[in-house]
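Enquirer: Give the three-dimensional model of this entry:
(one chain, ligands or ions: 2)
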Amino acid sequence: MATLPESALMQRAAAGLAAVCARVLGGPYGSRVVLLVGGGDNGGDALWAGARLAHRGASVDAVLLRHDRVHPAGLAAFRRAGGRVVSSADVPLTPETQRAIARADLVLDGMLGIGGRGGLRDDAARLADAAAAEAGLVVAVDLPSGVEPDTAELTGPHVRADVTVTFGTHKLAILADPAAQVAGHVEFVDIGLAPYLPEPVAGMLEPVDVAEMLPAPERNSDKYRRGVLGLLAGSAQFRGAAVLAAGGAAEGGAGMVRFVGPDEVATQVLNRWPEVVTSADVADTGRVQAWAVGSGLGDGRAAEVAAVLDTGLPVLVDADGLRHLPETLDGRALLTPHAGELARMMDADRGDVEAHRLRYVQAAARRWNATVLLKGSTTLVAAPDGRIRVNPTGTPALATAGSGDVLSGLAGALLATGMEPFDAGSAAAYIHGLAGQAAAEGSGLPSASAVLDALPAVLAALHSAR
Ligand SMILES: NC(=O)C1=CN([C@@H]2O[C@H](COP(=O)(O)OP(=O)(O)OC[C@H]3O[C@@H](n4cnc5c(N)ncnc54)[C@H](O)[C@@H]3O)[C@@H](O)[C@H]2O)[C@@H](O)CC1
Ligand SMILES: [K+]
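Expert: Ligands and ions are numbered 1, 2, ... in the order given. Sure, this is the predicted structure:
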């Protein structure tokens, strides 16, 4: 801001914001727009964008949260463009403002942005409710007002947006749950901040990042170059888990899978994946480069999990395997709990974990000195050194039995190629999410087997993105 004329950044933000609004309205001419305007620069963005929409023929009303604190230049521009203020001093929610919201094609939420803390209060909360209940589209300016910008938590009343237009850089609150769940579709407006931004607190992979992480299939590849995975999964009770995890590894590019388990499970794995080699004991398994343990293991089997952890190889621990973790690990493990499993590991309440996903995943990574991948609608991956990645792919349709087993085999296969656990976990979550999306396109609510079937095409597309 110091290098630019006054309000230059706000003008860039408002121009991008107005363009998105115009697009979602299908053209602003003749549409009704209501601005909810807070006292800070977030409100200023809304007023400047409202002025642009009014210039293009929209009928724009503004509800000011506080008449004594409003962006002065933004308000002046809004009035010059023909915009009307429909609230009266310090009474934002009147029958008139309520009517305006109910009639609006689009409500632009400019109450709070990155300066907001602690949720919406009183009138602001009631305006958010009115917009959610009655308005057409709700477009949030920068962030849905009331969410916690830096922790992605919901600590009080907040806006529920259909679209969020964010400026300059992505904020955690629009990437990570629970806050991301109220952001709707996210549009990014570049206002030229990139050279000035500090190191990011979290990363998000793009297709080319994942493609570059994957080992290139080489002509002279032998199975050890592609990675050999040891798999300790499944039980008499949960045989399918072993079949799906083996499939995740086999379809995920493993050079070979060495399965350990009781005969009745091994038979079923072999029926589906004849390329798998089986043995009855961890000690009898031939050479492997990484292990995946835990999917469908059931209770017990602690000694086998301990034997795997003792090998000193990179190990992925999933599901029931997470019951048998030692006090600490050696930094080479990848733990893949869902919120319920993480709650049990941390002796916490599941609801508390869901409300503070970022905090818990980082705490677990520190506590076990391991990379922790927390599954869920937005998967988070935390390294013990504090790095965080948020996974952008996936679909709610992935919340299906066996989907986690596929992920564990796939992530294990990537570990076996020599990728560090942080990369293996985040790349696997990315690929698994894409496979879920592809499978959902086919059938709406795909089974875990359908996700598995989608893996080869997704991997082939990523390889060609290099
Ligand atoms: N910083 C930048 O480079 C840019 C910022 N822009 C906009 O400016 C916004 C940030 O503006 P501000 O820093 O003025 O802050 P906000 O507009 O987010 O919030 C205004 C003020 O409200 C108060 N407040 C905090 N929590 C509250 C609560 N729960 N209830 C009521 N009041 C509360 C605080 O004093 C805060 O400073 C961004 O989100 C973005 O929309 C854009 O104009 C583009 C450039
Ligand atoms: K906002």
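
Enquirer: Helix, strand, or coil at residue 347?
Expert: Put simply, residue 347 is coil when judged by DSSP: H, G, I helix; E, B strand; the rest coil.

Enquirer: hang on, I meant residue 117
Expert: Three-state assignment for residue 117 (three-state DSSP): coil.

Enquirer: pretty sure it is touching residue 148, no?
Expert: Yes. Using Cβ atoms under 8 Å, residue 117 makes contact with residue 148 at a distance of 7.0 Å. Heads up, the C-betas are built off the backbone N, CA and C, glycines and all.

Enquirer: These two: which has the busier surroundings?
Expert: residue 148 (22 against 12; other Cβ atoms under 10 Å).

Enquirer: So the most centrally placed residue in the chain versus residue 394, what's the distance?
Expert: Centroid-nearest residue in the chain, with Cα atoms, centre = their mean: residue 378, separated by 3.0 Å. Distance of residue 378 to residue 394, given as Cβ to Cβ, to the nearest Å: 7 Å.

Enquirer: domain assignment for this structure?
Expert: Taking automatic domain parsing as the reference, the chain has its domains at 8-196, 207-464.

Enquirer: Quick one: closest of those to ligand 2.
Expert: With Cβ to the ion as the criterion, ligand 2 lies closest to domain 8-196 of those, at 4.0 Å.

Enquirer: so how far is that closest one off the chain centroid?
Expert: Offset of domain 8-196 from its chain centre (Cα atoms, centre = their mean, to the nearest Å): 23 Å.

Enquirer: what is the mean pLDDT for it?
Expert: Average pLDDT, domain 8-196: 95.

Enquirer: State the distance spanning the first to the last residue of that domain.
Expert: Terminal residues of domain 8-196 are spaced 15 Å apart (Cα to Cα, to the nearest Å).

Enquirer: Tell me if that domain is near ligand 2.
Expert: Yes. Domain 8-196 lies within reach of ligand 2 by Cβ under 5 Å from the ion, at 109, 140, 141, 145.

Enquirer: so does that domain get close to ligand 1?
Expert: Yes. Judged by Cβ under 6 Å from any ligand atom, domain 8-196 comes into contact with ligand 1 at 9-10, 13, 38-43, 45, 112-119, 121, 141-142, 167, 191.

Enquirer: Please flag which of those residues sit within strands.
Expert: Using DSSP state E, the members of the residues of domain 8-196 next to ligand 1 that fall in strands are 141, 167.

Enquirer: Is the residue nearest to the centre of the chain part of a helix or strand, or is it coil?
Expert: Here residue 378 is coil, with the state taken from three-state DSSP.

Enquirer: so it makes contact with residue 390?
Expert: Yes. In this structure, residue 378 is within contact of residue 390 by Cβ under 8 Å, at 6.0 Å.

Enquirer: Between those two, which contacts overlap?
Expert: Taking Cβ atoms under 8 Å, 6 or more residues apart in numbering as the contact rule, the neighbours common to residue 378 and residue 390 are 175, 176.

Enquirer: Output the domains of the chain as a markdown table; include the columns distance to residue 1.
Expert: Putting those into a markdown table (distance: least, Cβ to Cβ, whole Å) gives the following:
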| stretch | distance to residue 1 |
| --- | --- |
| domain 8-196 | 6 |
| domain 207-464 | 27 |
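
Enquirer: circling back: roughly how far does the residue nearest to the centre of the chain sit from residue 298?
Expert: Separation of residue 378 from residue 298 (Cβ to Cβ): 29 Å.
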